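Asker: Show me how the following folds:
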Amino acid sequence: MILRRFPPMGVYETLFKFADATGKYMGDSGTHPWAQGYPLTTQIPGGPPLPTTIELDCLDLKYPKATGEPPLLQAIADYYNHFYDAGITTDNVAVFAGGRPAIFATLAFLLEDTTIAVEATEYTPYYDILNVLKRRLVLIPSDADNRFRPVADAYDIEPLAGTRRVMLVKSNPCNPTGVALSGSALKELLDKFSSDDRGALIDEAYEFYCEPEPESALRHIDDIDSTNIFVIGAATKGLQVPGMRIGWAIAAREHIEIFRNYSSFGMGGVSRASQIYVTGLLQLERVAQARNAICKFYGQQRSRYGAALADLGFELFTGTGGFYHWARLPNGLTGDQFNERLFSHGAGILPGRLCDMARGPDTDSSLDHFARFSFGPLAADSFDGDLEILRQCLS
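Answerer: This is a model prediction of the structure:
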């Protein structure tokens, strides 16, 4: 063996277990993908249709540009400037093959004397990325005691011994909890990490899924070129096209230059066909319609499933963002035990332990009895069938 060995990311651990138990891939026809973080890829009520074709010519078959094709870069900049008055240019944008590669690149290229600050309950790949990169961590309390809502002072992090910088890594809205910062609370957080020796990676995969309206850190940053703040977005969730694998980072020009240089040797750019497709999705009139429709439809789904889960005995801690419910399971069940029951029905949730940034390989997790239930890929007419499976597996 010449390669370092490491396990799959938490969601995929669940998908692989499901496949071993059922012979199916969660998300295939006839399954109930409550463990997975993808949206409907069909037109939602009030939303724009999703194109089924694109046109290519011989130039589109050439290598893509290192940090993104100019039309997509301009569409991304125009989007943030129009909706959030961000004051950015295409020089502040780099395109990646999804949001996770943008997150990985940002964390991989941090200076070695940087402490990572991350909430104790967070997006599962952060755990894997930070372990593979051997980053030193300070965990911000986020648990049932504070209802997974850290107080503002909890983000006052000092560098660990031997380091002199601090980098916050945060999903907003939080995956898995749906807790979202907005307005003055978000600005206060960003101000804490805007000095020369502070930085923040704000992962906005679920930007469109906020109530009462979408929110971005870029609304609250006066001059991103004077900060070490990285805002990560993607077409995956809000634009409903996870298979296009298009994500981006918004950051200071000097940081975008580093991503361009990285792409030249480590990435080779991103599919031009995917970039062309997503450029069309970001046209301002269309994206305005998508923002409104996503917010309304998934807000209704959040309310509908939340009431039903509570009636079944789930203790909900869910915030007002994302397309998940975060809950303590009834009857003393662990997430893994619940999945053993669900798998026989072609269903599965994400066990809460896989969102625990403090977990070890051989220790119990404080989140063993929690679960993330995804209503992202669920059509409105699946509701009654979903509840019947849940009832049977809790009885």
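Asker: any idea which residue of this protein is furthest from its center?
Answerer: Of all residues in the chain, the one whose C-alpha sits farthest from the chain's mean C-alpha position, using CA atoms, centre = their mean, is Cys58 at 34.6 Å.
Asker: and that residue, what pLDDT?
Answerer: Confidence per residue is given as pLDDT, and for Cys58 that number is 96.
Asker: ditto for Ser29
Answerer: The predicted structure scores Ser29 at 89 on the pLDDT scale.
Asker: Please, which helix or strand holds the closest residue to Cys393 other than its chain neighbours?
Answerer: For Cys393, the nearest residue in space outside its immediate sequence neighbours is Arg341; the separation is 4.0 Å by CB to CB, 6 or more residues apart in numbering. Placement of C-beta: from N, CA and C, glycine included. The secondary structure element spanning Arg341 is helix 335-343 (assigned by DSSP states H and E).
Asker: and that helix, C-alpha only, in PDB?
Answerer: Output in PDB follows, covering the C-alpha atoms of helix 335-343 (Å, rounded to 0.1, in the frame of the first residue of the first chain):
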ATOM      1  CA  GLY A 335     -28.900   7.100  14.100                       C
ATOM      2  CA  ASP A 336     -27.300   3.800  13.200                       C
ATOM      3  CA  GLN A 337     -30.000   1.800  14.800                       C
ATOM      4  CA  PHE A 338     -32.700   3.800  13.100                       C
ATOM      5  CA  ASN A 339     -31.000   3.200   9.700                       C
ATOM      6  CA  GLU A 340     -31.000  -0.600  10.300                       C
ATOM      7  CA  ARG A 341     -34.800  -0.300  10.400                       C
ATOM      8  CA  LEU A 342     -35.100   2.200   7.500                       C
ATOM      9  CA  PHE A 343     -32.800   0.300   5.100                       C
END
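Asker: State the distance from the nearest residue to Phe323 once chain neighbours are set aside to Asp364.
Answerer: Take Phe323 and drop its neighbours on the chain: the residue closest to it by CB to CB, 6+ apart is Gly376, 3.8 Å away. Distance check for Gly376 against Asp364: by CB to CB, to the nearest Å, it reads 29 Å.
Asker: Looking at these two, which one has more neighbours?
Answerer: With neighbours defined as other CB atoms under 10 Å, Gly376 and Asp364 compare such that Gly376 has more, 21 against 11.
Asker: ok, the more buried one - contacts?
Answerer: Remark: with contacts taken as CB atoms under 8 Å, 6 or more residues apart in numbering, Gly376 is in contact with Gln36, Gly37, Tyr38, Pro39, Leu40, Lys237, Tyr298, Phe323, Tyr324.
Asker: try Ala21
Answerer: With contacts defined as CB under 8 Å, 6+ apart, Ala21 is in contact with Phe343, Ser344.
Asker: buried residues in the worst-scoring helix or strand of the chain on mean pLDDT?
Answerer: With mean pLDDT, DSSP states H and E as the measure, the helix or strand of the chain carrying the lowest mean pLDDT is helix 10-22 (a mean of 92). Buried residues in helix 10-22, defined by neighbour count with 16 or more other CB atoms under 10 Å: Gly10, Val11, Tyr12, Glu13, Thr14, Leu15, Lys17, Phe18, Thr22.
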